[in-house]
Structures are given as structure tokens and as C-alpha cells.
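>>> Okay, predicted coordinates and the sequence, questions at the end:
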Amino acid sequence: MGKLSRHQHPNGLEYLQVESALCQARIFFQGAQIDSFIPTGKAPLLWVSDADDYSPGNGIRGGIPVCWPWFGMDGRDGFPQHGFARTREWQLLSHEWQGEVLALKFGLEIQETDRRFWPHNTQVELHFLLGESLTVSLVNRNLGQEPVRITQALHSYFPIVDIHTLRATGFAGARYIEFGEGPYAQEGDEVHFDRETDRVYTQLGPVQQLHTTDGTIEVSREHSHSAVLWNPWIDKSKRLARFNDEDYLTMVCLEAANVLEDALELAPGERHCLTTRIRWC
Ligand SMILES: O=P(O)(O)OC[C@H]1O[C@H](O)[C@H](O)[C@@H](O)[C@@H]1O
């Protein structure tokens, strides 16, 4: 059995450290945000900016921020981009070793001050399976009497060595909206990067690959037909908080989502589980 321990970052945030025969991982209570996952004998599977100081109240620039209960801008005054879940404290509900695989469950209690953003009676949990691969599930339950609409994403940041040589595959047949325009039909199966890319894909198949010079990362999704593919390129990198000007060279985001026509419409009593699985292959 591996080891699970609780620590505090020098700047205040508390986190869980996981060490097992299969992997090492670090998960912060703020946002239930994993910022490091290293399968044993392999390179890190998640990217995080060294410009981030892990100060409380900001989402960490890397790993997997949870965008919930809306993705992007809600449009209403004062509603934060990508929802509020990524900057709130989550609670650890359970941990269970399944051999060398660790299962962790976190829950978010909606505070009174957040009721203006989210007056609905829902339950949200984030589940991790930490083994040779990383599986993350965002689980929603509608406990109220009215249908609830949610848009969401597991905003995964990946290390890709060099954006100029990255090939992202698995996009054939999908459609995307970019910078508010489209939908465009995806041409071919592959995406290359030579400019700012901010695509919201729909009708997307369940598995994509990121081919880097260090190996191929496979990203698969369940109960999700949409994903976001993002690299800020040169100009936007200069404007982003907790991000170095050159960081765009070594990261890409491929975010398992339920957005646009793939948004959740949860009927009373309904449960939905968005899952992403990430591994070197
Ligand atoms: O800076 P953040 O609020 O974390 O957002 C980072 C990025 O998230 C998504 O990928 C959006 O599609 C981008 O437009 C946005 O810039």
C-alpha cells in the first residue's frame, strides 16, 4: 500500500501528497486541483507554470482546474470566468486503497456567499483514481425539483516539449467554434499549432492523442462529446496571470467538457459523471 499525507504549501494552501508503487501525485484542497501526476518511471503527465506562487484565492495555473458550474464567461456581472469551484475549498470525503491504486473523493459544499451564483440544489463531487494512469470524474446530481443546466470542463494542462512540433490527433469528424466564429468542420484528424488556438470542439470522439518528442499522451473521455483545445501563443501569454511569456511553448490544454450543445440538462434526481483518463501510451 502507498502513502497518503497532508501538507501545507509555504504560501498557505493545503494539499494531499500521494506516493505509491504506481505514481506520485499532489492534490490541493482549493479547487480539488491536482497539479502533479507522475507515473512511476515516466515523465510528469501534467504541466504547471513555475510563475504560479500558489497564493490562496487564485486557481493554480496548471494541472487540472475544475471549471464548474459554468465554462467560460457566464455573462452576468461579477460572475467569474469558468465558475467558482476552482477557487473554493473542497472537502475530502473518502480515500480507499484498491491495491496500489488510490481512490479519492472530494465534495464541494456551496457557501451562502456563492448562492447568488448557484441557487440550485445540486451535489458536486470530484473523484480521482491514481494508478499507472490518472482518472478524474466530475459527478453532478440534481437533488432539486427543477431541471438544472450546467456547463463544465476538466481544464487539463499537458507538458508537450515544443508546441511547434506537437501533433494532436483524434479530431476527425468533429466541429469547432473558435473566437466566437463557426461552427467549422474539422479538416482531417490532426491539429498543428502555429498561432493562438482556442477551439471548442463538439461531436468529438472519445479519445485524443498528444504526440510529443517525449512520447504520446492519450486523453480519453466518457459522457462528454465536447472538449476545448487551447494554446495562448505569444500575445495572450503576456496578458495571462501566473504564466511566463514563454510558457506557451511547452504546454497545451485539452479539456474534457460538457459545453455548447453538449451542456448538461439534469432532470430532478438525475446524476451525471464526466470522466477523463490520462496516460502515457
Ligand atoms: O485564464 P483562465 O481563466 O484560467 O482561462 C484560461 C483559458 O481557458 C480556456 O481554455 C478558454 O477557452 C480560454 O479562452 C482561456 O483563456
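Perfect, thanks for sending it. Residues are numbered from 1 along each chain as shown.

>>> Quick one: end-to-end length of stretch 200-217, please.
One end of stretch 200-217 sits 20 Å from the other (CA to CA, to the nearest Å).

>>> quick check: mean pLDDT across it?
Regarding stretch 200-217, the rounded mean pLDDT is 97.

>>> Ramachandran coordinates for the residue of the stretch 1-150 of the chain at minimum distance from the ligand?
For the stretch 1-150 of the chain and the ligand, the shortest gap (CB to the nearest ligand atom) falls at Gln81, measuring 4.3 Å. From N, CA and C alone the C-beta is placed, and that goes for glycine too. In terms of degrees, to the nearest 10, the main-chain angles of Gln81 are phi -60, psi 140.

>>> Confirm for me that it is in contact with Trp70.
No: counting by CB atoms under 8 Å, Gln81 does not reach Trp70; the two are 9.1 Å apart.

>>> Between those two, which is the more surrounded one?
The neighbour comparison of Gln81 against Trp70 (other CB atoms under 10 Å) goes to Trp70, with 25 against 12.

>>> Count the neighbours of the nearest residue to Ala267 once chain neighbours are set aside for me.
For Ala267, ignoring the flanking residues on the chain, the nearest one in space by CB to CB, 6 or more residues apart in numbering is Pro147 at 5.5 Å. Neighbour count for Pro147, taken as other CB under 10 Å: 13.

>>> what residues are up against Pro147?
Shown in contact with Pro147 (CB atoms under 8 Å, 6 or more residues apart in numbering): Glu265, Leu266, Ala267, Pro268.

>>> Look at the last one and tell me its secondary structure.
Spelled out, it's Pro268. Classification of Pro268 using DSSP: H, G, I helix; E, B strand; the rest coil returns coil.

>>> what does the stretch 151-281 of the chain put close to the ligand?
Residues of the stretch 151-281 of the chain lying near the ligand by CB under 6 Å from any ligand atom: Asp198, Val228, Trp230, Leu240, Cys253.

>>> is the residue lying closest to the third one once chain neighbours are set aside in a bridge, and if so with what?
Counting by CB to CB, 6+ apart, Cys253 is the residue found nearest to Trp230 once chain neighbours are left out, at 4.2 Å. Beta bridges link Cys253 to Tyr157, Trp230, judged by DSSP bridges.

>>> Do you have the helices of the protein handy? List them.
233-239 (DSSP state H).

>>> Tell me the residue of it that sits nearest the ligand?
Trp230 (3.5 Å).

>>> Quick one: the strands in the stretch 51-200 of the chain, in order.
66-67, 91-98, 101-107, 122-130, 134-142, 148-150, 152-154, 157-159, 167-169, 175-178, 181-185, 190-191, 197-202 (DSSP state E, counting those that start in this stretch).

>>> okay if I get these as CSV plus distance to Gly12?
Shown next, in CSV, are the strands of the stretch 51-200 of the chain (distance: least, CB to CB, whole Å):
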stretch, distance to Gly12
strand 66-67, 20
strand 91-98, 18
strand 101-107, 19
strand 122-130, 21
strand 134-142, 24
strand 148-150, 30
strand 152-154, 25
strand 157-159, 22
strand 167-169, 36
strand 175-178, 38
strand 181-185, 41
strand 190-191, 38
strand 197-202, 32
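
>>> Any chance of JSON lines for these, columns mean neighbour count?
Below are the strands of the stretch 51-200 of the chain laid out as JSON lines (neighbours: other CB atoms under 10 Å):
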{"stretch": "strand 66-67", "mean neighbour count": "26"}
{"stretch": "strand 91-98", "mean neighbour count": "12"}
{"stretch": "strand 101-107", "mean neighbour count": "19"}
{"stretch": "strand 122-130", "mean neighbour count": "20"}
{"stretch": "strand 134-142", "mean neighbour count": "21"}
{"stretch": "strand 148-150", "mean neighbour count": "18"}
{"stretch": "strand 152-154", "mean neighbour count": "27"}
{"stretch": "strand 157-159", "mean neighbour count": "21"}
{"stretch": "strand 167-169", "mean neighbour count": "18"}
{"stretch": "strand 175-178", "mean neighbour count": "19"}
{"stretch": "strand 181-185", "mean neighbour count": "12"}
{"stretch": "strand 190-191", "mean neighbour count": "18"}
{"stretch": "strand 197-202", "mean neighbour count": "22"}
